[in-house]
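> Kindly return the folded structure for what I paste below:
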Amino acid sequence: MCFKSLFTVLSLFLLVSCANDQTSNTLELDIKLRNYIADASETGEESYYILPSSDDLDNIPQDPKNPLTKVKVELGRQIFYDTGLGMDAMKSSGMGTYSCASCHLPTAGFRPGSAQGVADGGIGFGFNGEARVKNRDYEENELDVQSARPLSLINVAFVTNTFWNGQFGSTGVNVGTEEVWHEAEETELNDLGFQGIETQNIEGLAVHRITINKEILDQYGYTDMFDDAFPDVEEADRYNRFQASMAVSAYIRTILSDKAPFQEWLKGDERAMSVSEKEGASLFFGKARCANCHYRPNLGSLEFHALGVKDMYQSPSFNSASTDKRNLGRGGFTLKEEDNFKFKVPQLYNMDDAPFFFHGSSKRTLEEVVDYKIEAVSENPNVSNERLSTVFRPVNLTEEERSNLLLFLKTSLKDPNLERHAPTAVLSGSCFPNNDPQSRMDIGCQ
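Numbering: from 1, shown residues only. This next block holds a predicted model:
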């Protein structure tokens with residue numbers, strides 16, 4: 001009996017000691033990570049990276065010329081998803097079949113589920129937008145498709161200048177670029193004085209063939225929503241694409257990944273991330289040097305860097321060409337040779353929700369992305385290694401470190417329910433995000 005009692009006591013002692021050691025190690029890891037994060041932040045505080053919730057309108061970054069209101073956000077949400085407004089189609093078979101969400105799916109991290117987003121002229125959906133293909137009624141040059149992969153709309157409230165080259169918006173990094181605004185019709189909109197999101201959407205609703213007029217708004221019951229959202233705008237100027245773009249921009253600013261495990265950990269739940277995830281986060285903000293570029297609250301930045309990845313035309317794609325100025329990145333906007341091939345640093349939340357990465361969709365997995373950045377060698381024959389960014393240099397990671405970094409990127413930065421940002425129905429009563437016959441079958445919406 002005495003021996004058994006002694007054995008039990010020793011066993012309990014060892015268990016308690018191991019538990020204490022694990023707690024101590026975890027505490028040390030949390031402290032190390034918090035120090036790394038504070039060093040990376042612009043304020044010296046880890047709270048810098050805590051994102052506001054989507055209904056905390058006072059604390060979401062916004063354009064002073066387009067203040068956020070609850071009714072404006074809800075109007076923008078409806079417009080963003082309503083395929084009934086997609087009536088400026090090139091062909092009759094495309095009318096009422098697409099929406100803004102055709103190329104910015106919540107389940108795909110608010111990006112396309114395929115290499116290129118296809119709105120008007122596309123059919124099909126699949127499981128996550130991956131099966132969208134060309135409507136055979138359309139010629140390739142009639143498609144609403146872009147020669148650069150659409151950027152994610154998550155946390156774009158923290159971006160003052162949008163597009164891979166940052167061309168939209170009169171503030172932020174575009175202060176001092178006024179002399180080139182009139183080199184292209186779309187960037188003349190910068191003269192209006194809005195930030196990037198608003199400026200791009202003024203252009204975008206027209207480019208993406210969305211119909212906004214009094215007749216269609218009356219038909220679907222939008223008129224009252226426009227009245228509530230824009231009470232200070234004269235009625236003669238109220239029911240148009242410009243006001244609709246303000247509403248869509250307001251909605252987009254509320255698309256935030258504040259439920260991701262990393263966010264929960266930042267807010268005090270130290271169990272929200274595993275030990276391996278915390279090790280990966282420490283690498284992100286430390287040894288792997290990811291935060292040298294991805295240091296803003298959205299884990300992106302307003303910087304432009306040459307990484308030497310392939311352009312869209314260098315893979316099978318629609319409406320892409322070697323002469324497209326988008327291939328020049330920032331230089332295609334500023335017209336400065338030294339800015340050529342430099343692209344904006346994107347945000348990183350929910351990046352694993354769709355299997356295409358970089359402006360040319362040249363990588364298919366996050367593993368490929370991380371390996372490319374570890375090696376830091378250009379894959380684009382137009383971009384020599386000498387042109388690569390000075391902060392894009394090889395990183396020496398062990399296999400375990402690589403695995404932990406990937407775990408942080410895939411798991412800790414994944415908001416598990418971005419679909420909360422979508423409506424349950426749209427005013428037109430149409431299926432969404434697509435409303436063509438094949439998409440309706442794929443989605444199960446009739």
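
> just the helices in the protein please.
Secondary structure of the chain, counting by DSSP state H: helices at 2-40, 70-81, 196-207, 214-220, 223-229, 241-253, 261-266, 275-285, 330-334, 366-375, 399-407, 437-443.

> most neighbours per residue, which of the ones you listed?
helix 241-253 (a mean of 25; mean count of other Cβ atoms under 10 Å). Heads up, the C-betas are built off the backbone N, CA and C, glycines and all.

> Could you report the neighbour count for E337?
For E337, the count of nearby residues is 8 (other Cβ atoms under 10 Å).

> residues touching E234, list them.
For E234, the contact set (Cβ atoms under 8 Å, 6 or more residues apart in numbering) is empty.

> That one and D227, how far apart?
Distance of E234 to D227, computed by Cβ to Cβ, to the nearest Å: 12 Å.

> next one: R149
Distance from R149 to D227, by Cβ to Cβ: 37 Å.

> what do you get for D415?
Taking Cβ to Cβ, one finds D415 at 33 Å from D227.

> And E375, by the same measure?
Separation of E375 from D227 (Cβ to Cβ): 56 Å.

> chain center to stretch 158-176: distance?
15 Å (Cα atoms, centre = their mean, to the nearest Å).

> cool, and stretch 99-118?
The answer for stretch 99-118 is 10 Å, by Cα atoms, centre = their mean.

> next one: stretch 322-329
Relative to its parent chain, stretch 322-329 has a centroid offset of 21 Å by Cα atoms, centre = their mean.

> Equivalent analysis for stretch 267-281, please.
With Cα atoms, centre = their mean, you get 23 Å for stretch 267-281.

> So what would you say the end-to-end distance of that stretch is?
One end of stretch 267-281 sits 15 Å from the other (Cα to Cα, to the nearest Å).

> Same check on stretch 350-363?
Calculated as Cα to Cα, the first-to-last residue distance of stretch 350-363 is 16 Å.

> what mean pLDDT does that stretch have?
Averaging pLDDT along stretch 350-363 yields 97.

> And for stretch 127-141?
Mean predicted confidence for stretch 127-141 is 97.

> could you list every residue that touches the spatially most central residue of the chain?
Centroid-nearest residue in the chain, with Cα atoms, centre = their mean: S152, separated by 1.9 Å. Under the criterion of Cβ under 8 Å, 6+ apart, the neighbours of S152 are 104, 109-111, 346-347, 349-351.

> wait, doesn't H359 sit right on Q146?
No - under the criterion of Cβ atoms under 8 Å, H359 is not in contact with Q146, lying 10.0 Å apart.

> Under the pLDDT cut-off, which ranges of the stretch 1-150 of the chain? List them.
Per-residue confidence for the stretch 1-150 of the chain (pLDDT under 70) gives these ranges: 1-24.

> Now with 50, please.
For the stretch 1-150 of the chain, the stretches flagged by pLDDT under 50 are 1, 3, 18-19, 21.

> For the nearest residue to R402 once chain neighbours are set aside, give its distance to G76.
Nearest non-adjacent residue to R402, counting by Cβ to Cβ, 6 or more residues apart in numbering: V370, 6.5 Å away. Going from V370 to G76 by Cβ to Cβ gives 35 Å.

> Repeat that for L153.
For L153, the distance to G76 (Cβ to Cβ) stands at 12 Å.

> cool, L105 as well?
Distance, L105 to G76, using Cβ to Cβ: 17 Å.

> Likewise for Y98?
For Y98, the distance to G76 - Cβ to Cβ - is 17 Å.

> ok, now A260?
A260 is 23 Å from G76, by Cβ to Cβ.

> try F343
Counting by Cβ to Cβ, the gap from F343 to G76 is 27 Å.

> And D82, by the same measure?
Distance from D82 to G76, by Cβ to Cβ: 11 Å.

> repeat for R241
From R241 across to G76, the span is 13 Å (Cβ to Cβ).

> ok, now H421?
As defined by Cβ to Cβ, H421 lies at a distance of 11 Å from G76.

> tell me how far the ends of stretch 231-251 are from each other?
18 Å.

> chain center to that stretch, what's the gap?
For stretch 231-251, the distance to the chain centre is 24 Å (Cα atoms, centre = their mean).

> any idea of the mean pLDDT in that stretch?
The average pLDDT within stretch 231-251 is 98.

> again with stretch 368-387
Mean predicted lDDT for stretch 368-387 stands at 98.

> got it, and stretch 327-342?
For stretch 327-342, mean pLDDT is 98.

> ok, M246 touching E198?
Yes - using Cβ under 8 Å, M246 is in contact with E198, at 6.5 Å.

> so what's in contact with these two at the same time?
N66.

> if I look at A288, how far off is R241?
A288 is 44 Å from R241, by Cβ to Cβ.

> Over to S322?
33 Å.

> what's the answer for N417, then?
31 Å.
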